[in-house]
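Chemist: structure for this input, please:
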Amino acid sequence: MARSTTTLWSGPGLLDQAVFEYTAGDDRPWDARLLRWDVLGSLGHIEGLRAARLLSGAEYGRLRRGLRQALAAVDSGRLTGTRRDEDIHTAVEEWLTRRLPGIGERLHTGRSRNDQIACDLRLFLKDALWSLQQGALALTEALLDFASRHRRVLWPGYTHQRRAMPSSVGLWAGAYAEGLLDTVEALGALWIQVDRSPLGSAAGYGVPLPLDRALVARVLGFGGLDRNVATVQGGRGKLEAAVLFWCSQLGHELQRLSQDVILLSAEEFGYLVLPAKLATGSSIMPHKRNPDLFELTRARAAALEGDLVTILQIKGKLAGGYHRDFQLLKEPLMRGLDRTAAMLGMMAHAVPRLEVDRARCADALEGGALATDEVMRRVERGQPFRLAYRDVAAALNRGERFTPPSAARLIARRSSTGGLGDLGLSLARARLRRARSWAARERRRFDAAMGRLAGPTRRRAR
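Modeler: Numbers count the residues shown, from 1 in each chain. Have a look, this model is predicted:
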């Protein structure tokens, strides 16, 4: 005979245990990450219940004290979801009800688990995105420092994986820094979506109660709210996909950077040197220095795209309204966030430790990589470009080689904006400072709201 269990939503009836495990089991480890945010979201929710006079002053006071005690229990590890709980919402409500019988049962008034989980996720995402932005900016700063140290070290630039024209280590590293900054600055548009409160939308159709949704949004530190109550469930998956798309854009920069390091540190190139501390060895070949951390970054960026595709597939073919399919969005979302954080952290650790073989870089500039410079030298003397191009091509076919001018002269001839002689690293650093300033403002606003809800003794240090 099948065992049975009870859930908050099943009323007096019993649910088959196998069904319970199938519908709840896989979600628990991911759900657990939202526990703290669920309690904080509930602290914001009861502010709305009090304002709507759905709680008396005494009931509100007892619920707030109880929830703050629950928050302390979460932070100390005394309140966790167990296999008896369907989800974290069940765990919190039952914990509260056991301590406040007759009061804890009022917590869910005017709220559905649908807008509750949407609120938890947005609070969680604001915290996570801020951390990822800090990781991206740390790597950006490391790349700018690397570019500054090696700004006058020339090496070949490549097209089609063939030597093209002179480039520099500074230009290379600075380009990746600016690419990261482009993605970091795009966070502002994504933040607007995450920074809207869903509470009061309930299961997607609102509730017949006088809830002040805007007040609850302000209390929770949101910049606004999803006004149309049906948009909250309609946006499930869309928001998660937007977050992982932003992460994937960061991942693409890291993937290409990793591929460059793998290639340019190989013996056939040797422009970059991988220190022993950043390399791994072979179980059979004692000479090997393998770029495993860069290969795994390349692979993690690819796996991150898989997380994004999973979300797109889950949400893309559903009708309007809530569907239980949304439960499976949490795993790829959180896994993707973890992968992004790991990649950013490791690359910020590795980039400052890379070394440059200046002699190998200089040697690689002889020959074809200087052909375009020779064309332009002839153009400056008055020869039409097309004739100069053909003459230089003919000279190369005859086996002639062009002697490289000094590095200083090569750089001086490239003084136009963004070229080797004008990398604009100070302008990139100014962008970095503005991004950090924006993030600091948003973090202060978020932390202030969470601190007011948590109470003076529960302000968690980052």
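Chemist: how near is the most far-flung residue of the chain relative to its centre to residue 371?
Modeler: In the chain, the greatest distance from the average C-alpha position (Cα atoms, centre = their mean) is reached by residue 398, at 52.8 Å. Counting by Cβ to Cβ, to the nearest Å, the gap from residue 398 to residue 371 is 13 Å. No exception for glycine: its C-beta is placed from N, CA and C like everyone else's.
Chemist: show me the strands in this structure, by range?
Modeler: 4-5, 15-16, 154-159, 162-168, 196-197, 224-225, 272-273, 355-356 (DSSP state E).
Chemist: highest mean neighbour count out of those?
Modeler: strand 196-197 (a mean of 24; mean count of other Cβ atoms under 10 Å).
Chemist: partner strands of that strand, with direction?
Modeler: Strand 196-197 pairs in its sheet with strand 224-225 (parallel), by DSSP bridges.
Chemist: which residues touch residue 193?
Modeler: 235, 239, 242 (Cβ atoms under 8 Å, 6 or more residues apart in numbering).
Chemist: could you do residue 82 as well?
Modeler: residue 91.
Chemist: let's see it at 10 Å
Modeler: The neighbours of residue 82, taking Cβ atoms under 10 Å, 6 or more residues apart in numbering as the test, are 28, 90-91, 94.
Chemist: who wins for most neighbours among these?
Modeler: Neighbour counts for the contacts of residue 82 (other Cβ atoms under 10 Å) peak at residue 91, which has 23 neighbours.
Chemist: thinking again about what came up before, what's the closest of the contacts of residue 82 to residue 351?
Modeler: The nearest member of those to residue 351, counting by Cβ to Cβ, is residue 28 at 37.3 Å.
Chemist: that closest one contacts residue 87, correct?
Modeler: Yes: judged on Cβ atoms under 10 Å, residue 28 makes contact with residue 87 at a distance of 7.9 Å.
Chemist: I'd say residue 438 and residue 444 touch.
Modeler: No: applying Cβ under 10 Å, one finds residue 438 not in contact with residue 444, separated by 11.1 Å.
Chemist: what sits against residue 390?
Modeler: 375, 384.
Chemist: compare residue 438 and residue 444 (neighbour count), which wins?
Modeler: residue 438 (16 against 10).
Chemist: burial of the closest residue in space to the more buried one that isn't next to it in sequence, as a residue count?
Modeler: Closest residue to residue 438 apart from its sequence neighbours, by Cβ to Cβ, 6 or more residues apart in numbering: residue 188 at 7.1 Å. Residue 188: 11 surrounding residues under other Cβ under 10 Å.
Chemist: does residue 188 touch residue 442 like I think?
Modeler: Yes: if you go by Cβ under 10 Å, residue 188 and residue 442 touch, sitting 9.3 Å apart.
Chemist: okay, now the nearest residue to residue 116 once chain neighbours are set aside: neighbour count?
Modeler: Distance criterion Cβ to Cβ, 6+ apart; nearest residue to residue 116, sequence neighbours excluded, is residue 89 at 5.9 Å. Neighbour count of residue 89, defined by other Cβ under 10 Å: 26.
Chemist: how close does residue 320 sit to residue 234?
Modeler: 6 Å.
Chemist: the more surrounded of the two?
Modeler: Comparing residue 320 with residue 234 by other Cβ under 10 Å, the one with more neighbours is residue 234, at 17 against 9.
Chemist: residue contacts, the more buried one?
Modeler: Applying Cβ under 10 Å, 6+ apart, the residues contacting residue 234 are 204, 226, 228, 315, 318, 320-322.
Chemist: tell me the spacing between it and residue 245.
Modeler: With Cβ to Cβ as the criterion, residue 234 and residue 245 are 18 Å apart.
Chemist: repeat for residue 293
Modeler: 25 Å.
Chemist: who's more crowded, these two?
Modeler: Neighbour count, other Cβ under 10 Å: between residue 293 and residue 245, residue 293 has more, with 19 against 16.
Chemist: pretty sure residue 260 contacts residue 351?
Modeler: No: using Cβ under 10 Å, residue 260 is not in contact with residue 351; the gap is 11.3 Å.
Chemist: any common contacting residues for these two?
Modeler: Common neighbours of residue 260 and residue 351 (Cβ under 10 Å, 6+ apart) are 173, 176.
Chemist: and these two? Which one has more around it.
Modeler: residue 351 (21 against 18).
Chemist: which residues touch the closest residue to the more buried one other than its chain neighbours?
Modeler: Counting by Cβ to Cβ, 6+ apart, residue 351 lies nearest to residue 142, which is 4.5 Å off, once chain neighbours are set aside. For residue 142, the contact set (Cβ under 10 Å, 6+ apart) comprises 173, 177, 347-354.
Chemist: is it possible to get CSV of those residues that adds pLDDT?
Modeler: What follows is the contacts of residue 142, written out as CSV (pLDDT from 0 to 100):
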residue, pLDDT
173, 98
177, 98
347, 98
348, 98
349, 98
350, 98
351, 98
352, 98
353, 97
354, 97
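Chemist: kindly write the ChimeraX command that selects the buried subset of those residues.
Modeler: Here is the ChimeraX command that selects only those of these that count as buried (16 or more other Cβ atoms under 10 Å):
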select :173,177,347,348,350,351,354
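Chemist: ok, the contacts of residue 142 vs residue 111, which is closest?
Modeler: residue 348 (40.4 Å).
Chemist: the closest one touches residue 137, doesn't it?
Modeler: Yes: in this structure, residue 348 is within contact of residue 137 by Cβ under 10 Å, at 9.3 Å.
Chemist: how many neighbours does the residue lying closest to residue 254 once chain neighbours are set aside have?
Modeler: Of all residues not flanking residue 254 in the chain, residue 343 sits nearest, at 5.0 Å (Cβ to Cβ, 6+ apart). Number of residues near residue 343 (other Cβ under 10 Å) recorded here: 27.
Chemist: tell me how far residue 343 lies from residue 274.
Modeler: 18 Å.
Chemist: please apply the same query to residue 391.
Modeler: 41 Å.
Chemist: next up, phi/psi of residue 87, please.
Modeler: Phi and psi for residue 87, reported as degrees, to the nearest 10, are phi -160, psi -180.
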